[in-house]
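> make a model of this:
(one chain, ligands or ions: 1)
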Amino acid sequence: MNWREVNFDGIVGPTHNYAGLSYGNVASAKNQGLIANPREGVLQGLQKAQHLRGLGMMQGVLPPHDRPHLATLRALGFTGSDAEMLSAAWTSSPALVRNLMSSATMWTANAGTISPSPDTTDGKTHFTPANLAAMYHRSIEHETTGKVLQAYFPEGKHFAHHPALPGGTHMGDEGAANHNRFCTDYGHEGVALYVYGRSAFENATDLTFPGRQTLEASEAIARQHGLKDGRAIFVRQNPAAINAGAFHNDVVAVSNKNVFFYHENAFEDPISLQRELREAAPEIDFEFVEVPSAKVPLCDAVASYLFNSQLISVPGADKMRLILPVEVQETASTRAYVEDLLASNGPVGDADFLDVRQSMRNGGGPACLRLRVALSDEQLAAMGANAVLDDTLVARLQDWAGKHYRDRVVAEDLGDPKLMEESFAALDELTGILNLGSIYDFQK
Ligand code: SUG
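Numbering: from 1, shown residues only. Here you go, the predicted structure:
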């Protein structure tokens with residue numbers, strides 16, 4: 001049976017803006033207050049997806065969530081019509097509204113953790129939406145994410161769904177951004193590497209920025225997904241990397257199949273980690289590409305997002321390919337490193353540099369924008385919704401964005417009921433295009 005890894009990219013939402021909401025995320029803080037262009041953002045995302053399709057990859061999309069999040073407004077005691085609630089909230093706390101208007105659901109690497117069926121004891125693919133408890137604006141995502149994932153991958157013979165972990169920041173879980181799956185091929189049994197920032201019940205005095213993911217949360221995910229014995233490894237992210245702005249591990253590391261591409265400072269003891277991985281999965285012929293600080297200082301890795309790239313196996317190609325943000329080309333150390341890497345006759349043979357600047361300014365590179373799902377032919381056929389891109393769907397999405405999206409959103413717009421109405425109209429039409437049914441609160 002044929003297997004492939006499908007990338008599901010988050011569609012940039014109509015309220016995309018730069019509110020500086022993510023403490024510890026260098027780009028989010030630096031770009032607070034910039035004028036955002038949601039229409040350009042959505043088109044940049046679709047262009048990236050088209051680029052991957054052009055290489056022969058299968059590519060899906062995930063919808064933005066409804067913002068403002070009316071359920072949260074109601075839960076916080078606001079009453080009346082949607083517009084009345086928004087206006088009252090804006091008067092009471094513009095900061096609250098900024099959080100409830102965020103388009104952060106575009107970064108679908110944080111949507112959830114997925115354990116493909118070859119790795120689990122019951123032979124099903126397991127999904128847990130991430131609770132994203134560390135950041136208020138993201139903690140409101142998991143319920144809708146769960147609904148979307150269930151619509152795409154119906155519970156039953158092939159797919160099993162779990163609710164997001166309870167327990168707030170103690171059980172902080174940021175999804176696939178802190179999870180790597182190694183394997184020989186997508187349909188073979190893999191080994192999972194969970195990367196956490198701190199322990200739930202200890203005070204991490206070595207962290208200046210939040211360690212969003214806890215060890216206990218990672219263990220709970222592995223447990224509830226029923227991973228096969230000995231096939232889950234847990235490692236702490238180097239506190240130095242978190243303190244330098246690597247708020248998720250995928251800012252300093254990326255993997256595909258047997259290859260692990262990471263910064264020297266991503267983990268405290270990479271040699272032990274390599275040994276552990278080899279011992280856990282002796283059948284996998286691991287290739288570790290460790291990037292030394294002497295060539296790429298950690299600050300350049302964080303600023304350029306060298307590691308927040310997609311490392312992909314293009315059908316028919318001998319070597320893997322990196323999909324990088326253009327910022328890597330614009331940073332001297334990372335540009336030179338990629339040139340050396342391609343010339344080194346290692347596992348990576350090609351690199352493409354793409355413009356996803358609307359997302360990058362909020363700390364979201366190519367890898368943040370996608371959720372990977374390994375699927376067999378049979379599983380692919382069992383999918384619901386209409387979310388795997390073909391030329392027709394891409395054209396419809398481009399038209400849809402052109403029709404509904406603004407090319408300018410600033411902080412003052414976020415309390416404007418007109419932006420809310422436009423956004424809801426866009427999402428209402430999108431659920432029809434993606435054949436999703438009614439998944440949003442405003443559709444009730
Ligand atoms: O959670 N930025 C996101 C970026 C997520 C990137 N994802 C991965 N690394 N996988 C975050 O910090 C900024 C929103 C703002 O400031 O308006 C934001 O939420």
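
> helix, strand or coil for the residue most central in space within the chain?
Per CA atoms, centre = their mean, the C-alpha nearest to the average position across the chain is that of residue 109, at 1.5 Å. Recorded secondary structure, residue 109: helix (DSSP: H, G, I helix; E, B strand; the rest coil).

> helices of the stretch 101-250 of the chain, start to end?
Assigned by DSSP state H, counting those that start in this stretch, the stretch 101-250 of the chain shows helices spanning 136-139, 142-152, 215-225, 239-243.

> packing partners of the host helix or strand of residue 402?
Residue 402 belongs to helix 391-404 when assigned by DSSP states H and E. Packed against helix 391-404, as judged by 3 or more CB pairs under 8 Å, 6 or more residues apart in numbering; DSSP states H and E, are the following elements: helix 38-54, helix 417-433. To be clear about C-beta, it is placed using only N, CA and C from the backbone, and glycine gets the same treatment.

> deepest of the ones you listed, which one?
Highest mean neighbour count among the helices and strands packed on helix 391-404 (mean count of other CB atoms under 10 Å): helix 38-54, with a mean of 21.

> near the ligand, which residues of the chain are found?
Within the chain, the positions lying close to the ligand (CB under 6 Å from any ligand atom) are 18-22, 25, 28, 102, 104, 107, 109-110, 135, 138, 177, 247-248, 250-251, 362-364, 368.

> of those residues, buried ones?
Among these, those buried by neighbour count (16 or more other CB atoms under 10 Å) are 18-22, 25, 28, 102, 104, 107, 109-110, 135, 138, 177, 247-248, 250-251, 362-364, 368.

> pLDDT below threshold where in the stretch 301-444 of the chain?
Within the stretch 301-444 of the chain, no stretch has pLDDT under 70.

> now do the strands in it.
310-312, 320-325, 348-354, 370-376 (DSSP state E, counting those that start in this stretch).

> would JSON lines of those strands with distance to residue 239 and mean neighbour count be doable?
What follows is the strands of the stretch 301-444 of the chain, written out as JSON lines (distance: least, CB to CB, whole Å; neighbours: other CB atoms under 10 Å):
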{"stretch": "strand 310-312", "distance to residue 239": "25", "mean neighbour count": "22"}
{"stretch": "strand 320-325", "distance to residue 239": "25", "mean neighbour count": "24"}
{"stretch": "strand 348-354", "distance to residue 239": "28", "mean neighbour count": "17"}
{"stretch": "strand 370-376", "distance to residue 239": "27", "mean neighbour count": "24"}
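
> ok so, going back, quick one: closest of the helices and strands packed on helix 391-404 to residue 324.
helix 38-54 (11.0 Å; CB to CB).

> who touches residue 7 in this structure?
49, 52, 57, 58, 59, 60, 310, 370, 371, 372 (CB atoms under 8 Å, 6 or more residues apart in numbering).

> ranges for the strands of the stretch 51-200 of the chain?
Using DSSP E, counting those that start in this stretch, strands in the stretch 51-200 of the chain cover 59-62, 112-115, 125-129, 159-161, 179-182, 191-196.

> will you turn these into TSV that also has mean neighbour count, distance to residue 358 and mean pLDDT?
Listed next are those as TSV, based on neighbours: other CB atoms under 10 Å; distance: least, CB to CB, whole Å; pLDDT from 0 to 100:
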stretch	mean neighbour count	distance to residue 358	mean pLDDT
strand 59-62	24	16	98
strand 112-115	28	23	99
strand 125-129	25	24	99
strand 159-161	21	31	99
strand 179-182	23	26	98
strand 191-196	24	27	98
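
> out of these, which is closest to residue 381?
Nearest of the strands of the stretch 51-200 of the chain (CB to CB): strand 159-161, 12.4 Å.

> other SSEs contacting that closest one?
strand 125-129, helix 142-152.

> got a list of what the residue in the stretch 251-400 of the chain that the ligand sits nearest to touches?
Closest to the ligand within the stretch 251-400 of the chain is residue 368: 3.3 Å, counting by CB to the nearest ligand atom. For residue 368, the contacting residues are 107, 108, 109, 110, 177, 248, 250, 308, 359, by CB under 8 Å, 6+ apart.

> need the contact list for the residue of the chain positioned farthest from its centre.
Within the chain, residue 80 marks the point farthest from the mean C-alpha position, 34.5 Å out by CA atoms, centre = their mean. Residue 80 sits next to residue 88 when contact means CB under 8 Å, 6+ apart.

> give me the distance between it and residue 208.
From residue 80 across to residue 208, the span is 42 Å (CB to CB, to the nearest Å).

> the residue of the stretch 1-150 of the chain found nearest the ligand and residue 137, how far apart?
Nearest residue of the stretch 1-150 of the chain to the ligand, counting by CB to the nearest ligand atom: residue 22, 3.2 Å away. Distance, residue 22 to residue 137, by CB to CB: 8 Å.

> before we move on, what about residue 81?
Applying CB to CB, the value for residue 81 to residue 137 is 23 Å.

> looking at these two, which is more packed in?
residue 137 (21 against 9; other CB atoms under 10 Å).

> pull the contacting residues for that one.
Contacts of residue 137 (CB under 8 Å, 6+ apart): 19, 21, 22, 98, 99, 100, 102, 104.

> now residue 96
Counting by CB under 8 Å, 6+ apart, residue 96 makes contact with 76, 89.

> mind redoing it with 10 Å?
By CB atoms under 10 Å, 6 or more residues apart in numbering, the contact list for residue 96 reads 68, 72, 73, 76, 78, 89, 90, 136, 137.

> would you tell me which of the strands of the stretch 51-200 of the chain gets closest to residue 414?
Comparison of the strands of the stretch 51-200 of the chain against residue 414 by CB to CB identifies strand 59-62 as nearest, at 22.6 Å.

> and the contacts of that closest one?
6-11, 45-46, 48-53, 105-106, 108, 111, 145, 148-149, 152, 369-371, 373, 375, 383, 385-390, 393-394, 397, 430, 433-434.

> now, the contacts of residue 137 that are in helices?
98, 99, 100 (DSSP state H).

> mind putting those in JSON lines, neighbour count and pLDDT included?
Output for these, formatted as JSON lines (neighbours: other CB atoms under 10 Å; pLDDT from 0 to 100):
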{"residue": "98", "neighbour count": "20", "pLDDT": "98"}
{"residue": "99", "neighbour count": "23", "pLDDT": "98"}
{"residue": "100", "neighbour count": "23", "pLDDT": "98"}
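
> apart from its chain neighbours, what residue comes closest to residue 103?
residue 13 (3.3 Å; CB to CB, 6 or more residues apart in numbering).
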